[in-house]
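1. quick one: sequence plus predicted model below, questions after.
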Amino acid sequence: MKDLTRFPSPIYQETVLEPIFEAFKENYYDEMMAINYAHAVILVEQGIITKEEGQQIVGALQEIEQQLVPESLEYTGEYEDLFFYIEKQLISKLGMEVAGKLHTGRSRNDINITLFKMKTKQHLFALLNEVVALQETLLQIAEDNKETLVIAYTHGQPAQPTTFGHYLGALIEILGRDLDRLLNAYSTTDQCSMGAAAITTSGFPLNREKIATLLGFSQAQENSYGCIAAVDYLMEVYSALRILFINLGRFAQDLDFWTSFEIGHLYVPNEFVQVSSIMPQKRNPVAIEHIRIQASIVVGLCDTMVSSMRNTPFADMNDAEDPIQVVGFDAFNKARRCLKLVKGFVAGLQVDEAKVKKHMAESFVTITELADSLVREENISFRAAHEVASILVRNLIAEGKNLRSVKYGQFEAYFQEVTGRKPHISPAKLAEVLDPTYFVQVRNCQGGPALPALKASLNKYRRKLDDHQATIERLARQEQGAKKLLQTEVHTVIGI
């Protein structure tokens with residue numbers, strides 16, 4: 001008969017404890033040791049343990065680090081998790097009386113939440129650098145294509161001329177906001193939970209701000225209950241990540257459309273094209289499909305992260321701990337891979353300017369400027385000008401012609417039909433206002449595609465990206481400085 005009175009059940013070991021042990025040794029070992037060293041410093045500095053006890057504890061921790069290869073550890077059921085494994089190793093070296101003092105004033109609750117935040121910050125930092133690298137690439141492509149004409153679509157139909165640089169500017173601007181959201185999420189995560197203990201702090205005089213600094217956090221999270229119970233940092237991180245990849249997924253949809261045979265406005269280089277196993281003529285830009293599905297997978301994982309927090313208690317609970325944390329880390333790993341693919345893919349794209357020009361004439365995308373110019377040149381209402389342009393287009397379509405086929409006499413007749421008089425605009429001016437280059441040139445309002453306006457926008461995006469890079473570099477210095485400071489404090493406070 002099975003012994004049902006002892007913890008843990010073999011099933012619980014197999015389905016819960018072993019996966020958690022594996023995840024902890026893979027993801028958190030270095031961070032756990034950093035917390036041990038930092039807490040030892042605080043205990044000595046605050047007079048909670050003696051310097052001699054601190055020296056013994058730190059010396060034993062260093063021995064464990066030298067002797068232990070985390071990857072080689074196998075879960076046997078002897079220890080509930082990696083924390084207890086390391087604690088038992090410490091006890092075996094020092095005995096319960098000294099080794100047991102390291103856990104004074106702390107709990108697995110504040111340790112675990114701090115570990116999760118430390119690892120989440122690492123993933124966020126790596127992702128931020130990938131987004132910056134993508135923005136750098138897009139900015140360069142936009143600079144190179146400030147005057148390269150493309151067709152802007154609305155509702156899946158050709159709408160107006162713009163430039164490839166202007167189109168990419170929209171994505172660059174969105175990615176700038178994505179960086180804002182990710183940095184805000186980083187700031188929320190960058191608040192240390194150590195010192196909260198189980199949930200109410202402790203009666204020991206711990207220096208929470210000091211341990212936060214030693215572990216690379218900008219500050220200690222204020223309310224100790226919230227340090228353990230709040231999961232808004234998770235929801236903020238994965239909501240920001242989700243928005244980023246929804247944005248990139250929509251961009252991938254445009255790439256798919258623009259690279260199709262029927263549209264063909266973007267040429268994909270052979271290095272990103274796979275051929276059919278049966279149809280020799282096929283050029284399949286399947287990298288776009290991989291971008292789209294990878295982005296969708298990231299969004300799905302982020303949905304899992306956020307949805308899993310719904311209707312959970314506002315207290316310490318396992319729902320927000322390692323079983324869900326590793327799902328989020330998987331999202332980050334896939335996110336970085338997708339960003340690298342997007343960056344490499346867009347760098348090789350080329351606009352087929354001849355095909356764009358042909359489609360512009362066939363789709364009458366410059367006709368809005370004819371109406372606008374008639375308002376300016378002929379001093380008529382926009383509604384009347386719109387009617388003239390509309391009649392012209394309808395008749396050209398009926399005749400199977402495009403804008404290159406417009407005859408001045410034909411335009412003149414439609415103008416007179418609507419206004420009751422002949423136009424003042426010259427044939428040369430009519431030809432000019434129907435040209436896509438002119439269409440773009442006159443749209444020089446803030447944010448428009450005309451060269452001066454677009455240059456100003458790209459300069460703004462460059463300055464914002466520089467600011468983001470400066471912030472990311474500051475965060476890197478904070479983390480690097482914390483590691484050096486912890487080493488210094490171990491030597492200065494404890495004497496090792």
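-> It's in. Numbers count the residues shown, from 1 in each chain.

2. which residues in the stretch 101-250 of the chain form strands?
-> Applying DSSP state E, counting those that start in this stretch to the stretch 101-250 of the chain gives strands spanning 149-154, 157-163, 191-192, 219-220.

3. could those strands go into TSV alongside mean neighbour count and mean pLDDT?
-> To be clear about C-beta, it is placed using only N, CA and C from the backbone, and glycine gets the same treatment. Putting the strands of the stretch 101-250 of the chain into TSV (neighbours: other CB atoms under 10 Å; pLDDT from 0 to 100) gives the following:
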stretch	mean neighbour count	mean pLDDT
strand 149-154	18	97
strand 157-163	19	97
strand 191-192	23	98
strand 219-220	18	98
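
4. in a markdown table, list those along with distance to residue 238.
-> Below are these laid out as a markdown table (distance: least, CB to CB, whole Å):
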| stretch | distance to residue 238 |
| --- | --- |
| strand 149-154 | 31 |
| strand 157-163 | 34 |
| strand 191-192 | 17 |
| strand 219-220 | 22 |
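
5. which of the ones you listed sits closest to residue 428?
-> Ranking the strands of the stretch 101-250 of the chain by their distance to residue 428 (criterion: CB to CB) puts strand 157-163 first, at 19.8 Å.

6. only C-alpha atoms, please: export stretch 306-326 in CSV.
-> Extracted in CSV, the C-alpha atoms of stretch 306-326 (Å, rounded to 0.1, in the frame of the first residue of the first chain):
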residue,chain,number,x,y,z
VAL,A,306,-1.6,38.0,-19.1
SER,A,307,-4.7,35.8,-19.1
SER,A,308,-3.1,33.5,-16.5
MET,A,309,-3.1,36.4,-14.0
ARG,A,310,-6.9,36.9,-14.3
ASN,A,311,-8.9,36.2,-11.2
THR,A,312,-5.9,35.1,-9.2
PRO,A,313,-5.8,36.1,-5.5
PHE,A,314,-4.0,39.3,-4.5
ALA,A,315,-1.5,37.4,-2.4
ASP,A,316,1.4,35.1,-2.6
MET,A,317,0.5,32.3,-5.1
ASN,A,318,2.2,29.9,-7.5
ASP,A,319,0.2,31.1,-10.5
ALA,A,320,2.7,33.9,-11.0
GLU,A,321,5.8,31.9,-10.3
ASP,A,322,8.0,29.6,-12.3
PRO,A,323,5.4,27.5,-14.2
ILE,A,324,4.3,30.7,-16.0
GLN,A,325,7.6,32.6,-15.9
VAL,A,326,9.2,30.1,-18.3
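
7. buried residues of it, list them for me.
-> 306, 308, 309, 316, 320, 321, 322, 324, 325, 326 (16 or more other CB atoms under 10 Å).

8. how about stretch 25-35?
-> For stretch 25-35, the neighbour count (16+ other CB under 10 Å) marks 25, 27, 28, 29, 31, 32, 33, 34, 35 as buried.

9. so what's residue 208 up against?
-> 192, 194, 195, 201, 220 (CB atoms under 8 Å, 6 or more residues apart in numbering).

10. what sits closest to residue 392 if chain neighbours are left out?
-> Nearest non-adjacent residue to residue 392, counting by CB to CB, 6 or more residues apart in numbering: residue 414, 5.3 Å away.

11. my guess is the one you found contacts residue 390. True?
-> No: when contacts are counted by CB atoms under 8 Å, residue 414 is not listed as touching residue 390 (9.1 Å).

12. tell me who's in contact with the nearest residue to residue 344 once chain neighbours are set aside.
-> Closest residue to residue 344 apart from its sequence neighbours, by CB to CB, 6+ apart: residue 272 at 7.9 Å. By CB under 8 Å, 6+ apart, the residues touching residue 272 are 285, 287, 344, 345, 348.

13. appreciated, that's everything.
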